[in-house]
Structure formats: C-alpha cells, structure tokens
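Enquirer: Take this sequence and fold it.
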Amino acid sequence: AALTVRFLTRRFIGEYGDMEFIYSHNLTVDGREILFHIWDVPNSQQGEEGSSEEKRIQWADSFVLVYSICDRASFNILPLKIQFIKAAKEGQNQEKVPIVIVGNKRDLHHQRVVSSEEGRLLALSSDCGFYEVSAAE
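Expert: From the prediction side, this is the model:
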C-alpha cells in the first residue's frame with residue numbers, strides 16, 4: 001500500500017490497515033495517456049488461494065509483487081505466487097505475463113534479511129523484472 005500511495009500521490013504514509021483497494025490513475029508515458037487500474041492487496045490477504053486470488057489474477061494485465069527486505073516470509077512466498085500467476089495467465093494465451101518483483105524498505109538496510117542478490121536471482125530464474133526501492137524515500 002505504501003508504494004501504491006507513493007506512486008499515486010508522491011507522499012509516504014507509513015501505516016496501513018488490512019483493506020484492499022482498487023485505484024485508478026492517469027499517467028503520460030512516452031507522450032501517451034495511460035489509465036492505470038491498481039488492485040492493491042495487503043500482505044495478509046496475499047496468502048489466500050482460490051476464487052478471490054484467481055479473480056484478481058484474471059482481472060490484471062501485469063503484476064508487481066512486493067516484499068520487504070526486512071521480512072524473509074514475505075520474500076519466501078513469491079515463488080509460489082509467481083508460479084500461480086503464470087499457470088493462470090500464460091496457460092490461457094501462451095503470452096508471457098509481465099511480472100516485476102520489488103524489494104521494499106531499502107532505507108532499512110541495517111534490518112535487511114533478504115539480500116539484493118537473492119531478489120535478483122529469483123527474478124532472473126522466474127523471468128521477471130526486479131527493483132529495490134524505498135517507499136519512505
């Protein structure tokens with residue numbers, strides 16, 4: 001949620017509840033107006049399998065999977081998420097689904113438990129993009 005709000009408003013808010021939201025946002029990219037619809041799902045709901053997650057996956061055209069570099073569990077769930085998304089999306093039309101893995105909280109490097117190399121390796125082995133960022137900065 002912090003990254004989504006930062007993207008939409010350029011502001012950082014540190015605390016969020018466990019609500020999911022759908023945001024809409026217009027942005028000009030390479031001279032073209034692009035309308036983004038962002039379905040932001042809190043970490044506590046990302047572990048659910050089944051109809052809710054399947055519905056979100058079918059709804060989306062691309063995915064940004066965010067983990068905290070300070071939280072090993074948030075990183076460890078990503079391979080299953082990637083596999084689930086690819087099975088649901090690529091099985092339909094044989095096109096590669098755009099997935100980006102984002103390690104958040106780069107500013108908290110002193111609390112890091114997931115190395116940059118681990119994130120890059122997961123992205124490389126899963127054919128995903130990779131970034132490390134700080135929503136706070």
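
Enquirer: CA only for contacts and neighbour counts going forward, please
Expert: Fine.

Enquirer: Identify each buried residue in the longest helix along the chain, please.
Expert: Counting by DSSP state H, the longest helix found in the chain is helix 78-93. For helix 78-93, burial by neighbour count (16 or more other C-alpha atoms under 10 Å) applies to Leu78, Lys81, Ile82, Ile85, Lys86, Lys89.

Enquirer: who does it touch, helix- and strand-wise?
Expert: Judged by 3 or more C-alpha pairs under 8 Å, 6 or more residues apart in numbering; DSSP states H and E, helix 78-93 is in contact with helix 51-59, helix 116-126.

Enquirer: Check those for me and report the most buried one.
Expert: Mean neighbours per residue, mean count of other C-alpha atoms under 10 Å, is largest over these for helix 116-126, with a mean of 15.

Enquirer: so that one versus helix 78-93, what angle?
Expert: Relative orientation of helix 116-126 and helix 78-93, computed by axes from the mean of the first three to the mean of the last three C-alpha atoms, to 10 degrees: 20 degrees.
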